[in-house]
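> Here is the input, now give the coordinates:
(2 chains)
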Amino acid sequence: MSTEAAAVNKEVIKEAVPREPLFGAKNKRLITDPLNDDNPITVQVLGICSALAITVQVQQAVVMSLSVIFVMICGNIIISAMRNIIPSRIRIIVQLVVVAALVILVNEILKAYLPDISEKLSVFVGLIITNCIIMGRFEAFAMGNKLWPSGLDAIGNGLGYAWILVVVAVVREVFGSGAISFPGIGQIKFIPQSFFEAGYMNNNLMILPPSALIVVGIIIWIQRSRNPKLIEEN
Amino acid sequence: MKALENLLEKLKTPFDKGGKLEKFYPVYDALETFAFVPDHTTIKGSHIRDAIDMKRTMFLVIVAMIPALLFGIYNTGYQHFTALGMDASFLEMVGFGLTKVLPLIVVSYGVGLGIEFVFCIIKGHAINEGFLVSGMLIPLIMPMDVPLWMVAVATAFAVVIGKEVFGGTGMNIVNVALTARAFIFFAYPTKMSGNKVWVNTDGGSVVDGYTGETLLAQAIEHGANFKDVANNAYASLSDSFMASFLGFIPGSIGETSVLAILIGAAILLWTGIASWRIIFMGIVGGAAMGMIFNILGPMYFPDNLYLTVPWWQQMVMGGFAFGIVFMATDPVTAAQTENGKLIYGFLIGLLAILIRVVNPAYPEGIMMSILFMNVMAPTIDHYVIQGNIKKRLKRLKTA
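As a prediction, this is how the structure comes out:
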């Protein structure tokens, strides 16, 4: 929490700089930073719980990512609009109410239009409420910034969350099930049948949640060794 | 010998600093120090170097594993021909065993050393012989029919995720060979457990009464008495103890014969490489848990026959002995403090029997218990050291 509080202060100071163009360099960085240098999952290590739970199949990961992006954008904008009238002592409760309302909305929509996937995602849609990324962005950014940057920040962090989720899901589904299933199209095989006849077997470990941790770990490893900003000094 | 030394000396120039192949110096260094004790000297700190450096240490461990390996090769053939009800000579059995075991060893060493060399060249580390031991342990803890590509994948996983990620030899948190086995156990369970994988029965119908189960699986159903591979009748208690002590039972390649493992243990203890504290306390821990189950079993859980397996029988079943002697004593992943080793060994033995008996999904608990205690070892060390500091502080204050 202390780092988040520090982040709040930093963002507030930044706000003092007057007038940014809508797509100025600073606003662009709000979107690009979370994709790599400041990725919510691999660098801030937030939102790991859902990355473990719903990345067995790509379609679940995509739906989950879209839900989180939706909740985050709406939430960030709402919180940002209310930031000057929220008493700071009850701000967490206000944030929770906003995110809970949005999550219920998403959940009802999924139940109505994507009942299969909604069933597979089960409680994890509800658990978006507790997703640390969303509360983190509300606290660290939306509480101290105007509407437009808050929206961009939500898009950036949502996409940063989404690409990790989808990459992990692709790896897990290809090696765990040998094929990726798309709604409407059916399964597309990635491991040819001849492999199975030659003795290849699907990796059961990839279906178990710990494998997501290993895959995320490998992504962090690659990212840290390639990105000079993230290399720690001993 | 002299000729080899001269040859290595002659080949050295391009690998020196500024030479053409400077990048590959670790490879040269590995080969040179593999054959000869290096003439490196220490620059600062203590100036005494033991002639037994890491390479020589690793070699002694491999020597200690040879009895288990040789018996494993023989037993692979013995189980095969017994299950098919065929008469075979000693040489035929060894020959069959070799065709099964040698490819496993080649794959394990090839993949593991290959990855190790690549990482050492990229990072400019010296290549250590740490993998020589892991590479030999991996085939010994596999069922003999496990597909070779699985061994390759598991070895690659174990070396990269289990070791290189943490900084290479000496920095790993969990035992590399057990990581490979755990990987196959969870990734491809049909090839690592059940009753199809322990004995090769290709090319013929099996004899009556053959089940192919290991003793551990039979213990779940029948308690201590078990059926011999070729024998329909239940063996008596002392027979089954002798068979599993000598090792004429189905199981992973290197772990069936407790006798061969004890020879290895004697070598390791005599040369001072393995810690007697870990081995001794491991056995004590296993025996203690076994006794607790023996006493409690009939009283509280009459349905679970596994509880009635006598504690001395538990010691010779499955991979318990192999794990305690060769894997729990791994100096990198074990506790480092002397008192810590006592606790570490005791809990490994205790947990191994606990997992084995209470959870039928994991018929062999020693793998889980060693991996678990590997992770706990630094915590144990921390508390042992803190305890020591406290004790000495108290002495200081009273004096």
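> where in the chain is pLDDT low?
No chain in the question, so chain A it is. Counting by pLDDT under 70, chain A contains low-confidence residues at A:1-20, A:184, A:233-234.
> wrong chain, I was asking about chain B
Applying pLDDT under 70 to chain B flags residues B:1, B:12-42, B:45-52, B:128, B:195, B:201-213, B:215, B:217-239, B:399.
> Kindly recompute the last result at 50.
Along chain B, the model assigns pLDDT under 50 to residues B:228-234.
> Report the closest residue of it relative to chain A.
residue B:187 (3.9 Å; C-beta to the nearest C-beta). (Glycine included, C-beta is placed from N, CA and C.)
> Next, the contact list for that residue, please.
Applying C-beta atoms under 8 Å, 6 or more residues apart in numbering or on different chains to residue B:187 gives the contacts A:203-206, B:150, B:153-154.
> any idea how far residue B:87 is from residue A:31?
76 Å (C-beta to C-beta, to the nearest Å).
> neighbour-wise, which of those two wins?
For residue A:31 versus residue B:87, neighbours defined as other C-beta atoms under 10 Å in any protein chain shown are more numerous around residue A:31 (18 against 7).
> picking that back up, could you report the neighbour count for the residue nearest to the residue of chain B closest to chain A when sequence neighbours are not counted?
Closest residue in space to residue B:187, ignoring its immediate chain neighbours: residue A:205 at 3.9 Å, by C-beta to C-beta, 6 or more residues apart in numbering or on different chains. Counted with other C-beta under 10 Å, the neighbours of residue A:205 add up to 21.
> wouldn't residue A:205 be in contact with residue B:184 here?
No: counting by C-beta atoms under 8 Å, residue A:205 stays clear of residue B:184, with 9.1 Å between them.
> Name the residue of chain A that lies nearest to chain B.
Counting by C-beta to the nearest C-beta, chain A gets nearest chain B through residue A:205, at 3.9 Å.
> mind listing what that residue touches?
Applying C-beta under 8 Å, 6+ apart, we find residue A:205 in contact with A:176, A:211, B:183, B:186-187.
> Residue 74: neighbour count?
Just going to use chain A. Neighbour count of residue A:74, defined by other C-beta under 10 Å: 18.
> nope, chain B
Residue B:74 has 21 neighbours, counted by other C-beta under 10 Å.
> what comes up buried for the helix or strand encompassing it?
Element membership for residue B:74 (DSSP states H and E) is helix B:54-83. Buried residues in helix B:54-83, counted by 16 or more other C-beta atoms under 10 Å in any protein chain shown: B:55, B:57-58, B:60-62, B:64-65, B:67-83.
> again with stretch A:195-211
A:200-208, A:211.
> what about it, start to end distance?
With C-alpha to C-alpha, to the nearest Å as the measure, the first residue of stretch A:195-211 is 22 Å from its last.
> and it, how far out from the chain's middle?
Relative to its chain's centre, stretch A:195-211 lies at 27 Å (C-alpha atoms, centre = their mean, to the nearest Å).
> and stretch A:149-163, how far out from the chain's middle?
8 Å.
> Am I right that residue A:188 falls within a strand?
Yes: assessed by DSSP: H, G, I helix; E, B strand; the rest coil, residue A:188 belongs to a strand.
> before we move on, which element is the nearest residue to it once chain neighbours are set aside in?
Closest residue in space to residue A:188, ignoring its immediate chain neighbours: residue A:180 at 5.6 Å, by C-beta to C-beta, 6+ apart. If you go by DSSP H and E, residue A:180 is part of strand A:179-182.
> That strand packs against which elements?
For strand A:179-182, the packing partners by 3 or more C-beta pairs under 8 Å, 6 or more residues apart in numbering or on different chains; DSSP states H and E come out as helix A:58-82, helix A:147-177, strand A:186-189.
> which stretch among these comes nearest residue B:7?
helix A:147-177 (45.3 Å; C-beta to C-beta).
> Does anything pack onto the closest one? Which helices or strands?
Contacts defined by 3+ C-beta pairs under 8 Å, 6+ apart place helix A:147-177 against helix A:25-32, helix A:48-53, helix A:58-82, helix A:132-140, strand A:179-182, helix A:210-226.
> Including distance to residue B:176, could the ones you listed go into TSV?
What follows is the helices and strands packed on helix A:147-177, written out as TSV (distance: least, C-beta to C-beta, whole Å):
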stretch	distance to residue B:176
helix A:25-32	39
helix A:48-53	25
helix A:58-82	32
helix A:132-140	34
strand A:179-182	32
helix A:210-226	16
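> which one of those lies closest to residue B:305?
Closest to residue B:305 of the helices and strands packed on helix A:147-177, according to C-beta to C-beta: helix A:210-226, at 32.0 Å.
> Contacts for that closest one, please.
With C-beta under 8 Å, 6+ apart, helix A:210-226 has contacts from A:36, A:39, A:41-43, A:48, A:51-52, A:55, A:164, A:167-168, A:171-172, A:176, A:205, A:230-231, B:161, B:165.
> just to revisit the earlier point, between the contacts of residue A:205, which is nearest residue B:305?
Of those, the one sitting nearest to residue B:305 (C-beta to C-beta) turns out to be residue B:186, at 26.9 Å.
> got a list of what that closest one touches?
Residue B:186 is in contact with A:204-205, A:208, counting by C-beta under 8 Å, 6+ apart.
> which SSE is it in?
Here residue B:186 is assigned to helix B:176-187, by DSSP H and E.
> Find the centremost residue of chain A, please.
Central residue of chain A (C-alpha atoms, centre = their mean): residue A:161, 2.7 Å from the mean position.
> Without its sequence neighbours, what residue ends up closest to residue 79?
Using chain A. Residue A:79 sits nearest to residue A:142 (C-beta to C-beta, 6+ apart), 4.0 Å away.
> sorry, should have said chain B
Nearest-residue entry for residue B:79: residue B:199, 4.5 Å, with adjacent residues in sequence omitted and distances by C-beta to C-beta, 6+ apart.
> For the one you found, grab the count of nearby residues.
By other C-beta under 10 Å, 27 other residues sit near residue B:199.
> would it count as being in a helix?
No: read with three-state DSSP, residue B:199 is coil and lies in no helix.
> My guess is it contacts residue B:80. True?
Yes: the pair residue B:199 / residue B:80 is scored as a contact, 6.4 Å apart, by C-beta under 8 Å.
> Would you tell me which residues of the stretch 151-300 of chain B are close to chain A?
Residues of the stretch 151-300 of chain B found near chain A (C-beta under 8 Å from any C-beta of the partner chain) are B:161, B:165, B:183, B:186-191.
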